[in-house]
Structures are given as structure tokens and as C-alpha cells.
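Engineer: Sequence plus predicted model, see below.
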Amino acid sequence: MRILVASLLMLASAAALAQATPASGDDGKVVVSGTVPNETTKASVLERLRQVYGADRVVDHVEVGGVVTPANWSQYVAGAITPGLKQVTHGKLEVQGNTIDISGEVPNEAVRQQVLSGLSSAFDAHYGIKQNLRIGQSRQKVLDDALANRTVQFQSGSAILTPAGRGVLDEMATAIRKLDDPFIAIVGNTDNTGDRQANIALSLARASAVKAYLVGKGIPAASLSVSGQGPDNPIADNGTEAGRARNRRIDFRISRN
């Protein structure tokens, strides 16, 4: 179990804050905790989080009362919760009085600057931002490293996975679970032997078989799409057996952050 949630950990409070530790089933959730001045503020913050992250991912640990906030604090906090924050993973956002503290991982420097600019725009000049946003490993690289230039193998001319193919997919499922709610395109490819339309149909059937296997390993079906390109996207020479073997492959592509 990860102590920090996989997505943004939202700690919103005008007074002293205590980090929430997710329960065993909360991995991948967005935990919001701390103390806010009134029920209206609590409802506003939670509603905005649910709009951005999805209602099923937001865990409410917010308390109400006993704090005094700067002017317009509630509106500023709710306004700072934008889809741009979803690009921050393994992190937290803390708003205490007029101090904003954000930490976590972002995929590149451009995203770091976008996140900080968005926070700066959401608050007025009386607020200060402290940040510890790290450049993390590319999601696509995580998938590429797990696949490691191997091919997902099927029985000849069919969409039935071989034991070796299932072994590769077991490793891919482990890699996918390390990512924060990815959307992955599974693309089937073939060599150019035989009828093109039949190869396109076979490549789609194989991509669908891969999706079904990963779903069986606990990967959400809604986060996986399938397509079949048949022989249309070779990566090696179809004039050799080794090249044709490389072209009979499944690609895994991060298609949405």
C-alpha cells in the first residue's frame, strides 16, 4: 500500500493541517482533509474535486469550524482545483491561510510551469506559493521498459495467447498499475503475409484479446482502447522472417493524460 495517494492529495485548511493516511482500499484516490470555516466551503471544494477527478475517487476527511480565513479564501481554493492539477502525481496541495504549498511529480518542465501558473492565476497577489514539483519518469517510458522490445505472442494465425504471451502481459499489467489512471491504446499489428483485410481483422482480434486479459488482471476496461492496423505500420523489413516476426506485435501507447 502506498502512503501517499497516486493522484493529487488535496489538503485544504486555514489552520493547522494533518496529512491523512489512506486506508488499504484508498490507493489511487484523492484525499481531501483539514479544517474549513463552514459547510458552504466544504461543499464547494468537494464538488469541484469531484468534477475534476470523478466522484468515486474523492475521499472526504474535511472538518468544519474553528478557523478564520482571509477574504475570498473559499473561492480562491475552489478556483485553484482545475484539470491541470491532474498532471501532478504522488503529491499534495496544501492551502493554509495565504500560503500555498504544492509538491509531487510532473512529466516535464512545461507542465510544472503550467501548474504553477494556474495556481498563481487562481489566487491574488497576497498569496505566496511554495513548490517542490519534481520531473518524473514518462508514463510511456514505463510501458516501453516493461515491454522491453518483446512481442506478445499468439498461436499462429489466431488471437489465442501463448503462455509466453500471457507472461509478458502479466508484466505489463504490473507496470500499468504503477501509473496514475492512464488511458492506454492497445494496437494490434501484423506482417504483410496474406490478405490485408484479414490481417486487419486478426490484428484487431489480438488487441481485443490483450485487453480482455488485462481486464482479467484488474485493469479497468474503460482505461483501455483497442484498434487493429494489420500490416500498415511495419517497424521492420517484411522481406525477412526476423522482420516479419517483429511486425507481428502489440503496441501499448499512452493516449491521454
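Structural biologist: Here it is on my side, so go on.

Engineer: what about the helices in the stretch 101-250 of the chain?
Structural biologist: For the stretch 101-250 of the chain, the helices defined by DSSP state H, counting those that start in this stretch occupy 109-122, 139-147, 163-178, 196-216, 241-247.

Engineer: Point out the most buried one among those.
Structural biologist: Among the helices of the stretch 101-250 of the chain, ranked by average contacts under mean count of other C-beta atoms under 10 Å, first place goes to helix 196-216 (a mean of 19). Glycine gets a C-beta too; all of them are placed from N, C-alpha and C.

Engineer: Could you list every helix and strand that that helix packs against?
Structural biologist: Applying 3 or more C-beta pairs under 8 Å, 6 or more residues apart in numbering; DSSP states H and E, one finds that helix 196-216 contacts helix 163-178, strand 183-188, strand 224-228, strand 250-256.

Engineer: The closest residue to Leu202 other than its chain neighbours: how many residues sit nearby?
Structural biologist: Spatial nearest neighbour of Leu202, chain neighbours left out: Thr190 (6.0 Å); criterion: C-beta to C-beta, 6 or more residues apart in numbering. By other C-beta atoms under 10 Å, 26 other residues sit near Thr190.

Engineer: residues contacting Thr190?
Structural biologist: Counting by C-beta atoms under 8 Å, 6 or more residues apart in numbering, Thr190 makes contact with 199-200, 202-203, 230-231, 247-248.

Engineer: if we go to 7 Å?
Structural biologist: Thr190 sits next to 199, 202-203, 230-231, 247-248 when contact means C-beta atoms under 7 Å, 6 or more residues apart in numbering.

Engineer: Distance-wise, check it relative to Ala159.
Structural biologist: Plainly put, Thr190 is 11 Å away from Ala159 if you go by C-beta to C-beta, to the nearest Å.

Engineer: quick one: common contacting residues for these two?
Structural biologist: Leu202.

Engineer: Now for the contacts of Thr190: which two are most distant?
Structural biologist: Leu202 and Asn247 (12.5 Å; C-beta to C-beta).

Engineer: wait, what's in contact with the residue nearest to Thr99 when sequence neighbours are not counted?
Structural biologist: Counting by C-beta to C-beta, 6+ apart, Gly128 is the residue found nearest to Thr99 once chain neighbours are left out, at 5.6 Å. Shown in contact with Gly128 (C-beta under 7 Å, 6+ apart): 98-100.

Engineer: Compute the distance between Val215 and Val226, please.
Structural biologist: Separation of Val215 from Val226 (C-beta to C-beta): 11 Å.

Engineer: Following element in sequence after the worst-scoring helix or strand of the chain on mean pLDDT, please.
Structural biologist: The helix or strand of the chain with the poorest confidence is strand 8-13; it has a mean of 41 (mean pLDDT, DSSP states H and E). Later in the chain than strand 8-13, the nearest helix or strand by DSSP states H and E is strand 30-36.

Engineer: Report the rounded mean pLDDT for the helix or strand just after that next one.
Structural biologist: As assigned by DSSP H and E, the chain's next helix or strand after strand 30-36 is helix 39-53. Helix 39-53 carries an average pLDDT of 89.

Engineer: Need the contact partners of helix 39-53.
Structural biologist: Counting by C-beta under 7 Å, 6+ apart, 7, 10, 12, 30, 32, 36, 58, 60, 62, 64, 74, 77-78, 81-83, 85-86 sit against helix 39-53.
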